[in-house]
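Q: model this:
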Amino acid sequence: MKFYPEGKNQELSRQFETIDEIKEAMMRGEVLESRVLLCDREHNLHLDLGAVRGIIPRSEGAVGIDDGTVRDIALISKVNKNVCFTVLGFQRDIYNNCLALLSRRAVQLRCINEYLSNLQVGDVIDAKVTHLERFGAFIDIGAGINALIPIDMLSVSRITHPSERLTEGDSIKVVLRKREPDKLTFSLKELLGTWQENADNFSTGETVTGVVRSIEDYGVFVELAPNLAGLAEPQDNLFVGQQVAVYVKSVIPSKMKVKLVIVESFNQLAPPTPLRYYTVADHIDFWQYSPQNSVKEIFTDFND
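A: Coordinates of the predicted model:
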């Protein structure tokens, strides 16, 4: 069974008209989703199922809550967001109202055992960006389970912070780069095209938009696409992240070089460049970024 990031599969979101419908879903062991209305002082999550209110007790909120490997902020941050769950049963509150007792943890355990444990290095899956830190992007890889894309695996073009590449809430494709007993590490750059695939989108003589990524004594590196950057002559009054218009002076595959001339600079930070995926495969064994005739070879061997 395939598990998706929370909020991605709209078919799981249901509003029930009767308690009997919820009981039927419980008997079938259905995985459902609903929006979290509030997180109470005990960090129980409250949801509206239509016919009744549902509650996910703190201990059922996520794998790792009980042993402290997952902090309670992981529950607090779910307010006004969709979470997955199965129905465990029913109980009465202090006002004698019927409540549906739910478990997100049970879905996560199923996701780990039936889906994530079967993933192989090189597999391409759907994910959702949940949080950005300077060292990388945290992603939901299924049922609210988080994994990391290190910043150097977000693209070939170097960035100083993941927010220059992604936005929280983005739905993206990722490839499993490394598998360890206690964690999975993912990559994005192998899905964003080789040097040649990206360079084919630009022609000598064109003037296009770019983003300043690095300013050195010998020149300015300008990103044309997440997996392609060119070098322009040094110029004053530029800053990293700045949007610029550049003239494509030459494209040299054998040296993996794109020579640029900065035509105009704009006093604004560039937004993240929309991602373009160059593979539709569900699995990658080997990815070579550099052209065949290049003097330098850059590749990722997922079987290594």
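
Q: Excluding sequence neighbours, find me the nearest residue to Glu233.
A: Residue nearest to Glu233 in three dimensions, not counting chain neighbours: Gly219, with 6.1 Å by Cβ to Cβ, 6 or more residues apart in numbering. The way it works is simple: take the backbone N, C-alpha and C, and place the C-beta from them, glycine included.

Q: would you list every one of the strands in the stretch 101-250 of the chain?
A: In the stretch 101-250 of the chain, the segments counted as strands under DSSP state E, counting those that start in this stretch are 124-133, 136-140, 146-150, 171-180, 183-187, 207-216, 219-225, 228-232, 242-252.

Q: With Asn9 as the reference, name the closest of those.
A: Closest approach to Asn9 among the strands of the stretch 101-250 of the chain is made by strand 124-133 (9.5 Å; Cβ to Cβ).

Q: now that closest one, how far from the centre of its chain.
A: Mean-position distance between strand 124-133 and its chain equals 2 Å (Cα atoms, centre = their mean, to the nearest Å).

Q: Check this protein for its longest strand and report it.
A: Secondary structure of the chain read by DSSP state E shows that its longest strand is strand 257-269.

Q: Show me which positions of whichever helix or strand comes after that strand end up buried.
A: Following strand 257-269 in sequence order, the next helix or strand is strand 286-288 (DSSP states H and E). For strand 286-288, burial by neighbour count (16 or more other Cβ atoms under 10 Å) applies to 287-288.

Q: Direction included, what does strand 286-288 pair against?
A: Using DSSP bridges, strand 286-288 pairs in its sheet with strand 299-301 (antiparallel).

Q: partners of the helix or strand harbouring Leu47, with directions?
A: In the assignment (DSSP H and E), Leu47 maps to strand 45-48. Strands adjacent to strand 45-48 in the sheet, as given by DSSP bridges, are strand 32-39 (antiparallel), strand 53-56 (antiparallel).

Q: which one of the ones you listed lies closest to Ala281?
A: In terms of Cβ to Cβ, the element of the strands paired with strand 45-48 nearest to Ala281 is strand 32-39, at 28.3 Å.

Q: Need the residues that contact the closest one.
A: For strand 32-39, the surrounding residues in contact (Cβ atoms under 8 Å, 6 or more residues apart in numbering) are 6-7, 9, 12-14, 25, 45-49, 53-54, 75-76, 78-87.

Q: ok so, going back, now do the buried residues in the strand holding Leu47.
A: Within strand 45-48, the residues that count as buried by 16+ other Cβ under 10 Å are 45-47.

Q: Using a markdown table, please lay out the residues you listed together with distance to Asp236 and pLDDT.
A: Shown next, in a markdown table, are those (distance: Cβ to Cβ, whole Å; pLDDT from 0 to 100):
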| residue | distance to Asp236 | pLDDT |
| --- | --- | --- |
| Leu45 | 54 | 98 |
| His46 | 57 | 97 |
| Leu47 | 56 | 97 |
